[in-house]
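Q: here is a sequence with its predicted model. Questions after.
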Amino acid sequence: MNTQGGTDVTIGVFDATGQTGRDVLQVALAPGQKVGAPVSDPSKLDIAGETLIVVQGRFENVAALRESVKDTTHVICCAAGTYGKGYDKGMMTQFVAQLWPILNTEPSHRIYLFQSDFLVPEPDGSDHSILKIFAPLAAIFTCSIEMLKDHSAVMKFMADNSKGSFNCILARLGKLVARKGSVALLASQKPGFAAISFADFGAFKGAALQDAPLSGMYPLWLRRRSLSPCDFGPNRTADRYCQ
């Protein structure tokens, strides 16, 4: 994929048909950047654009993965799996392990952003004090034990394999809700418990990739803050995302 509009950014978005993925896709397409979106069923993708390249294929299809990230500078993974007893064990660990060497051989690739479960601990297994008791209980209550295990394994995999590789951003978030976007999100080393809208999260992910201070900053939590009028402008900078 060649870039257009005077930008050297070309983005691959995984799970573009999901609630978060659709918002990320719209943000990524807005400035005229080329965006690749691998989907198993193109009919489910209700977003169109001149710079959108749809690649048909499932996540386990290596050829589709290669085509989706070809010439990309940034890749955003919006897939996380579904809460509940039906979670596909190890699905994200298998996906990331399969995608990683493909990204490593792509000369243009610079940053990989992965969204993870809020309860996931640090790569070494340690946890923020407020979550040491809360996380296990919440995982049981939400039937997300398998998701937590899987995302924790992804966290460790990324930490173990990021040295000498591309930069990573790993965002841990809590409850996502379907409502109109109204706040900007901050990257933080402290957990935030407020619910986040799909629209706000999509806007954060779409913009965060181009904010150099966030590159290599993981794991992090997302926190909310009130918007000011300037936040809606085209020149939002990294200091509006980090604290």
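A: Looks like it arrived, so ask away.
Q: in stretch 131-146, which residues are buried?
A: Neighbour counts over stretch 131-146 (16 or more other C-beta atoms under 10 Å) mark 131, 134-135, 138-139, 144, 146 as buried. Placement of C-beta: from N, CA and C, glycine included.
Q: for the chain, which segments count as helices?
A: 19-29, 62-69, 91-104, 131-141, 145-161, 198-208 (DSSP state H).
Q: okay if I get those helices as CSV plus distance to residue 48?
A: Converted to CSV, the helices of the chain look like this (distance: least, C-beta to C-beta, whole Å):
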stretch, distance to residue 48
helix 19-29, 9
helix 62-69, 17
helix 91-104, 25
helix 131-141, 39
helix 145-161, 31
helix 198-208, 17
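Q: any idea which of these gets closest to residue 171?
A: Evaluated over the helices of the chain, closeness to residue 171 peaks at helix 198-208, with 7.2 Å, by C-beta to C-beta.
Q: what's the mean pLDDT across stretch 136-156?
A: Stretch 136-156 carries an average pLDDT of 85.
Q: mind listing residues that contact it?
A: By C-beta atoms under 8 Å, 6 or more residues apart in numbering, the list of residues contacting stretch 136-156 from outside reads 80-81, 83-85, 87, 89-93, 96, 114, 116-117, 119-123, 125, 135, 170, 219.
Q: show the buried residues in these.
A: 80-81, 87, 91-93, 96, 114, 116-117, 119-121, 123, 135, 170, 219.
Q: now, which of these lie within strands?
A: Among those, the residues falling in strands (DSSP state E) are 114, 116-117, 170.
Q: ok, so of those residues, who is nearest residue 71?
A: If you rank these by distance to residue 71 using C-beta to C-beta, residue 114 comes first, at 20.4 Å.
Q: would you mind measuring from residue 40 to residue 81?
A: Residue 40 sits 15 Å away from residue 81 when distances are taken as C-beta to C-beta, to the nearest Å.
Q: so what's the residue count around residue 24?
A: 31 (other C-beta atoms under 10 Å).
Q: excluding sequence neighbours, find me the nearest residue to it.
A: residue 202 (4.5 Å; C-beta to C-beta, 6 or more residues apart in numbering).
Q: how about the contacts made by that neighbour?
A: Listed by C-beta under 8 Å, 6+ apart, the contact set of residue 202 reads 20, 22-24, 26-27, 181.
Q: in TSV: the residues you listed, plus distance to residue 73 and pLDDT.
A: TSV is the format used below for these (distance: C-beta to C-beta, whole Å; pLDDT from 0 to 100):
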residue	distance to residue 73	pLDDT
20	20	83
22	21	87
23	20	83
24	15	85
26	19	84
27	16	82
181	25	66
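Q: can you pick the most crowded of the residues you listed?
A: residue 24 (31 neighbours).
Q: now for this structure, the helix or strand with the poorest mean pLDDT.
A: Using mean pLDDT, DSSP states H and E, the weakest-scoring helix or strand in the chain turns out to be strand 220-226, at a mean of 58.
Q: in this protein, what spans have low per-residue confidence?
A: In the predicted model, the chain carries pLDDT under 70 at residues 1-7, 181-182, 206-243.
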